[in-house]
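>>> any chance you could fold what I've pasted below:
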Amino acid sequence: MTGFLLGISFLIHIITLLSIIILWKKFQATDDYDVKKAKQEMEDILLAYTTEMKEENDAFLKELQQVTQSKEPHLQKSEQYKDLQISDDSERQIETSDFVRTEDVSEPYTPPVDDTKETFGPSLLSQVLSLKDKGYTIEEIAKKVDKGKGEIELLIKFHQDGR
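Numbering: from 1, shown residues only. As a prediction, the model looks like this:
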C-alpha cells in the first residue's frame, strides 16, 4: 500500500513540476513581449515629445527673428554682435544675440518702499500652552484663540508627546 501511495505522490510531483515549467515559459514569453512593447511605447512618446519641442523652438526662433528685424524705437541691434544663425541641416547655432537700449533714462531708479508693518506675536502653540497652564479648559481655549476644539486637543497632545 505504501508503494502505491509513493507512486501516486511521485506522479503528482512530476505533473506539478511540468505544469510549473510550462507556466514559467509562458510567463517569460509574455514578459519579454510586454517589455518590448513598453520600450517601443516609451520611444514613441519621447519621439513625439522631442518633435513637438523642435516645432516649438522653430516657431520661437521665427518669432525672435521677426522681433529683431522690426524697427522698434527702444531697441537697436548692437553692431558688435552677430545675428541669430540657422544652418541648412536644421541645427540651430546661436552665435550671439544682444540688444542695447537706446532710449535715455532721465530718472534714476528708486526701489519700491515696503509700507507694511510687521507685527509679531506669540505662536498658536505658545498661546494654547499658556492658557492651558492658567487652568482654562479645552473649550475655553478654543474660543479664545478662535480655533476648533479638535485642533487644540491635537496641539496639546503633540506637545505632551514631544516632551
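
>>> how much space between the residue nearest the centre of the chain and E41?
The centre of the chain sits closest to Y49, judged by C-alpha atoms, centre = their mean, with a distance of 17.3 Å. Going from Y49 to E41 by C-beta to C-beta, to the nearest Å gives 13 Å. Any C-beta I mention is one placed from the backbone N, CA and C, and that applies to glycine too.

>>> cool, and S19?
To E41, S19 is 32 Å away according to C-beta to C-beta.

>>> again, but for I15
I15 sits 39 Å away from E41, going by C-beta to C-beta.

>>> before we move on, what about D58?
Distance, D58 to E41, by C-beta to C-beta: 26 Å.

>>> ok, V113 next?
56 Å.

>>> for I141, which non-adjacent residue is spatially closest?
Distances taken as C-beta to C-beta, 6 or more residues apart in numbering place L131 nearest to I141, at 4.6 Å, with adjacent residues excluded.

>>> residues contacting that neighbour?
When contacts are counted by C-beta atoms under 8 Å, 6 or more residues apart in numbering, L131 touches 140-141, 144-145.
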